[in-house]
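[1] just the structure for this:
(one chain, ligands or ions: 3)
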Amino acid sequence: SRFREMYQPAADLLNPGIGFEELLRKTVARGCYADLGHREQAWIAARLQDFGKLRGLPEQQLRDGVWVSIAESRTQDGGTVCVHRDISAQRKAEEELMRRAALVQMLREIALETNEADNIPEAIQTCIDKVCAYTGFVIGHAWLPPERDETRELVPARLWYLREPQRYLAFREATEASRFAPGVGLPGRVWVSREPHWIDDLAEDVNFPRREVAVAAGLGSACAFPVLERDRVVAVLEFYSAGVIERDTPLLNAVAHLASQLGRVTERKRAVMALNKLRQAVEQSPAMIMITDRQGAIEYVNPEFSASTGYRPDEAIGRTPALLKSGQMEPEVYRVLWETITSGHDWRGEFLNLRKDGSTYWAATTVSPIRDQGGNVTHFLGIAEDVTERKRSEERIEHLAHFDPLTDLPNRALFQAQSRQILAAARRSGRPVALLMLDLDDFKDVNDSLGHAAGDRLLEQVAGRLKDCLREGDMVARLGGDEFALVLPEVEGPEAVDTAVRRLLEKVAEPYTLDELDLFVNASVGIALYPGDGEDAETLLKHADLALYRAKNRGRGTFNFFKPAMDQEVQQRKSLENDLRSALARGDLHLVYQPQVELENRRMTGVEALVRWHHPERGPISPAQFIPIAERSGLIVQLGEWVLEEACRQARAWRDAGMVELVVAVNLSPVQFKHPDLVGMVERVLRRSGLEAELLNLEITEGVVMQDTAANLKLIEALRAMGIRIALDDFGTGYSSLSYLTSLPVDKIKIDRSFVTALAEDPVRRSIVRSIVELGGALGKRVNVEGVETAEQLAVLVGHSVDEVQGYYFSPPVAAKEIQHMVARPAWQEQLPEQAPRSGATRQAG
Ligand code: C2E
Ligand code: CA
Ligand code: CA
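    Ligands and ions are numbered 1, 2, ... in the order given. Sure, this is the predicted structure:
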């Protein structure tokens, strides 16, 4: 009965009497065996031949998947015993076992190979390929969640396994054109559930938008699972079978395992990639990076650290950052650093560090504690940048800002800062301080005659000598030009200062050698004492300057202590200066004119314009007093222009009134020659006033032609080229060398008043005047004598053939109106004595 069950379609034949061959052929014919195909006849033949000789040989599959093992043996009487055993259950168990082994093998291979992958896409691709190879799925594909959350749709990755790419092209294209929201389609469902999903028959699944194209390609079943990194789905993998297949539970279980296994791999890959990026950043960082443990022992240094410090990693690791200490930082800095970082804060600062080769560098450093996940400090991270260059240039700039580049002495700014400190200390100690201003005498001459380079070298040498004279605590600075300042703290008193300054001046006065030339230079010194002459550096400096000014006036190579009277004088000068400025603005100034009388024709040929200031409180102020003030303050430029314009306008008015040939003389200050637009100004004034240049005389002093000679001579020539005549004023008071008269481009010489005073009783002066007159005559220059007060004086001058005179004898300077009267009624003409004949000229009596 078991045979009949096993070979059920031929059950009726299994009766005694039927032969083996008949039975075999009929059971085959009735489909008892699994399809034998074209092998049917050969199989029957082989079976007949082996009949009775089979010993547990090939297992045979019957219909419905039933397997039998067949054993046949002969009996002694020539019969055959056939034993057919149903081994289906055993076979199935074996197959199952094999499949499981294969799945385990698959998981292991996936684990190994995905781990080897260089990046996440490669790992996923490996996984897809392996799953398909082991399971017989014909398509494998991956979906990725959106990079940015807003889209919230899975997107297809270009990661595919396609057993027959051509055949599945349409499916692939449909897939790559799809996006799945959570819950939609196969991947959408897996995304939401985070669990593997199996579709038994794609044709029947309503939540499978790619159904049509899948069925058309002959796909039957599908399976998908997520790749989970912790709880996050980082990919969904889907697989398709050709035709409908049975749900494979072991596979689903394996795949569920894969979901998290692969997730761990991708997570690790992600971390490694991030770490790689970080490591490269650290390794390639242009900053020095160091990591130490909690105790400060170095665990890591980057290549830049080695490049900058000279310490290889193996030389640095295990040691502490004290390795770099230069010993030039305050220990306090390190203490504060350690305190800050151990209390969990960042520390920033700059270190002067030592390289391995012993050189130093500045490192701008940040040190930060590194914490573990529990928040405990485990390491310290030091990041440093070499800022030596910046520091050096800062120092250079700092130095330049505070030191004079020529002498390397402190400059004015540093002097003021340091003297303030010294004074603050003196305030506490109660000891006096001396502040000295020192100025070389006639330094300008050195510059002018030997050149600026020589001048510079002289200043260097002077600076060196001054430094040599200093005691500990003294200070010397160069304030500018040939001006030096010294501070001598803790002096005993004026006598001690007196001795010190004498020593200083002696030292400076010793000969200098410049270009193999011995040079003697003196200096003058002004002294102010703290606290008597001032409480602060500014006041003391100002007072020392005043004292210096006085010392210079007294003569060269001397020194002078400040006296309060000097200060008063300065105050007065200051207030006068202010008053003058407003007087100029308000028009409180006016001009007076003094006649210049030509002796030959006994008539007034010109006038000298002289400025007058009537101060509202102080009354009239002499120009001898306020002109120097105007010169020092620069006001003279404005004032001079006003005088010139006023005088020219007046002269033009006289001419218009019919007083032809009345020349107006205007005084020019040396300071006006320093103004760049002197010639332009004169030109404009002439144009505005409408006066012919021939009717204008400009009076200049010897100083103008002695200083800046070349430039000023050019200016004088320019003025003369316009037609203006130039008079040399106050001749005989300054350098006054007769010889240089010959080369000067002046038209007139005005002999100073001081000669006239002594004229009557001083034969030497008389002969000087005579020489000047003769020389002037020979050179074609007109000679004027100023300050003639008496008839006797005049008589002498007439005897000397002077061309022109000026003085109280004829008239003091008077208002313009009076000049008009004088021309009309020259009362003093009768007073003029007969003039002595001038050499070669015939005189006509007036
Ligand atoms: P200065 O150019 O030598 O002018 C001649 C000075 O001698 C004038 O003094 C005049 O009043 C004075 N004086 C004329 N005759 C006699 C006399 O017989 N006896 C005496 N004792 N003095 C006489 P003033 O006006 O006080 O001017 C003094 C100086 O001020 C001038 O000397 C000149 O250097 C300057 N000054 C005057 N006005 C101007 C001006 O407008 N511009 C410039 N730059 N300087 C001026
Ligand atoms: Ca004059
Ligand atoms: Ca004069």
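[2] can you list the low-confidence ranges for the stretch 251-400 of the chain?
    The stretch 251-400 of the chain contains no residues with pLDDT under 70.
[3] tell me where it has strands.
    Using DSSP state E, counting those that start in this stretch, the strands of the stretch 251-400 of the chain run over residues 288-293, 298-301, 347-354, 360-371, 377-386.
[4] now render these as JSON lines, adding mean neighbour count.
    Placement of C-beta: from N, CA and C, glycine included. Output for the strands of the stretch 251-400 of the chain, formatted as JSON lines (neighbours: other Cβ atoms under 10 Å):
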{"stretch": "strand 288-293", "mean neighbour count": "19"}
{"stretch": "strand 298-301", "mean neighbour count": "19"}
{"stretch": "strand 347-354", "mean neighbour count": "18"}
{"stretch": "strand 360-371", "mean neighbour count": "18"}
{"stretch": "strand 377-386", "mean neighbour count": "19"}
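[5] which of those sits closest to ligand 2?
    Closest to ligand 2 of those is strand 360-371 (Cβ to the ion; 66.4 Å).
[6] what packs against the closest one?
    For strand 360-371, the packing partners by 3 or more Cβ pairs under 8 Å, 6 or more residues apart in numbering; DSSP states H and E come out as helix 331-342, strand 347-354, strand 377-386, helix 388-402.
[7] next, the buried residues of whichever helix or strand comes after the last one.
    For helix 388-402, the following helix or strand on the C-terminal side (DSSP states H and E) is helix 412-429. Residues of helix 412-429 classed as buried: 412, 414-416, 418-419, 422-423, 426 (neighbour count, 16 or more other Cβ atoms under 10 Å).
[8] and those as TSV, adding distance to residue 652?
    Supplementary listing: those in TSV, determined by distance: Cβ to Cβ, whole Å:
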residue	distance to residue 652
412	50
414	57
415	54
416	53
418	60
419	57
422	62
423	60
426	64
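[9] now, which of the residues you listed sits nearest ligand 3?
    residue 412 (39.1 Å).
[10] was I right to think that closest one contacts residue 483?
    No - at 9.3 Å, residue 412 and residue 483 do not qualify as touching, with contact defined as Cβ atoms under 8 Å.
[11] which stretches of the protein aren't confidently modelled?
    Scanning the chain for pLDDT under 70 picks out 54-58, 149-151, 660, 734-739, 825-846.
[12] helices or strands next to the host helix or strand of residue 567 in the packing?
    Using DSSP H and E, the element containing residue 567 is helix 564-586. Applying 3+ Cβ pairs under 8 Å, 6+ apart, one finds that helix 564-586 contacts helix 537-554, strand 603-615, helix 623-633, helix 635-656.
[13] mean neighbour count and distance to ligand 2 added to these, as TSV?
    Formatted as TSV, the helices and strands packed on helix 564-586 follow (neighbours: other Cβ atoms under 10 Å; distance: least, Cβ to the ion, whole Å):
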stretch	mean neighbour count	distance to ligand 2
helix 537-554	20	23
strand 603-615	20	6
helix 623-633	16	10
helix 635-656	20	12
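[14] mind putting those in a markdown table, distance to residue 394 included?
    Listed next are those as a markdown table, based on distance: least, Cβ to Cβ, whole Å:
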| stretch | distance to residue 394 |
| --- | --- |
| helix 537-554 | 26 |
| strand 603-615 | 54 |
| helix 623-633 | 40 |
| helix 635-656 | 42 |
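[15] and the residue positioned nearest the centre of the chain, how far is that from ligand 1?
    What sits nearest the mean C-alpha location of the chain, by Cα atoms, centre = their mean, is residue 390, with 9.9 Å. To ligand 1, residue 390 is 55 Å away according to Cβ to the nearest ligand atom, to the nearest Å.
[16] also residue 102?
    Separation of residue 102 from ligand 1 (Cβ to the nearest ligand atom): 120 Å.
[17] flag every buried residue along the longest helix anywhere in the chain.
    Using DSSP state H, we find that the single longest helix of the chain is helix 249-284. Within helix 249-284, the residues scored as buried using 16+ other Cβ under 10 Å are 251-252, 254-255, 257-267, 269, 282.
[18] what of stretch 684-702?
    With burial defined by 16+ other Cβ under 10 Å, the residues of stretch 684-702 counted as buried are 685-686, 689, 691, 693, 695-702.
[19] element containing residue 797, please.
    Assigned by DSSP H and E, residue 797 falls within helix 791-799.
[20] any idea which helix or strand comes after that helix?
    In N-to-C order, the element after helix 791-799 by DSSP H and E is strand 804-805.
[21] who are the packing partners of that following strand?
    strand 589-598, strand 782-785.
[22] sheet partners, orientation included, of the shortest one?
    The pairing partners recorded for strand 782-785 under DSSP bridges are strand 748-751 (parallel), strand 804-805 (parallel).
[23] thought residue 485 was touching residue 422?
    No - checked against Cβ under 8 Å, the pair residue 485 and residue 422 is beyond contact range at 12.0 Å.
[24] quick one: name the residues of the stretch 701-846 of the chain near ligand 1.
    Proximity of the stretch 701-846 of the chain to ligand 1 (Cβ under 6 Å from any ligand atom) is limited to residues 729-730, 753, 786-789, 807-808, 813.
[25] filter the residues you listed down to the ones in strands?
    729-730 (DSSP state E).
[26] do you know how far the residue of the stretch 201-350 of the chain found nearest ligand 3 is from residue 319?
    Closest contact between the stretch 201-350 of the chain and ligand 3, by Cβ to the ion, is at residue 350 (68.0 Å). Counting by Cβ to Cβ, to the nearest Å, the gap from residue 350 to residue 319 is 22 Å.
[27] likewise residue 331?
    Residue 331 sits 19 Å away from residue 319, going by Cβ to Cβ.
[28] ok, residue 634 next?
    As judged by Cβ to Cβ, residue 634 and residue 319 stand 69 Å apart.
[29] which residue does the stretch 251-400 of the chain have closest to ligand 3?
    For the stretch 251-400 of the chain, Cβ to the ion, closest residue to ligand 3: residue 400, 48.4 Å.
[30] quick revisit: what's the most buried one of the strands paired with strand 782-785?
    Most buried of the strands paired with strand 782-785, by mean neighbour count (mean count of other Cβ atoms under 10 Å): strand 748-751, with a mean of 25.
[31] hmm, that one touching ligand 2?
    No - Strand 748-751 stays clear of ligand 2 (Cβ under 5 Å from the ion), getting no nearer than 6.5 Å.
[32] distance from that strand to the middle of the chain?
    Chain-centre distance of strand 748-751: 62 Å, with Cα atoms, centre = their mean, to the nearest Å.
[33] likewise for stretch 486-504?
    Per Cα atoms, centre = their mean, the centroid offset for stretch 486-504 relative to its chain is 46 Å.
[34] now that stretch: buried residues?
    For stretch 486-504, the neighbour count (16+ other Cβ under 10 Å) marks 486-491, 497, 500-501, 504 as buried.
[35] and these as a markdown table, adding distance to ligand 3 and secondary structure?
    Formatted as a markdown table, those follow (distance: Cβ to the ion, whole Å; DSSP: H, G, I helix; E, B strand; the rest coil):
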| residue | distance to ligand 3 | secondary structure |
| --- | --- | --- |
| 486 | 41 | strand |
| 487 | 44 | strand |
| 488 | 45 | strand |
| 489 | 49 | strand |
| 490 | 52 | coil |
| 491 | 47 | coil |
| 497 | 42 | helix |
| 500 | 44 | helix |
| 501 | 39 | helix |
| 504 | 40 | helix |
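[36] and the closest residue to residue 662 other than its chain neighbours, what is it in contact with?
    Among residues not flanking residue 662 along the chain, residue 654 sits closest, at 5.2 Å (Cβ to Cβ, 6 or more residues apart in numbering). Residue 654 sits next to 662, 816, 819-820 when contact means Cβ atoms under 8 Å, 6 or more residues apart in numbering.
[37] if we can go back for a sec, count of neighbours near the residue of the stretch 251-400 of the chain closest to ligand 3?
    11 (other Cβ atoms under 10 Å).
[38] could you do residue 322 as well?
    Neighbour count of residue 322, defined by other Cβ under 10 Å: 8.
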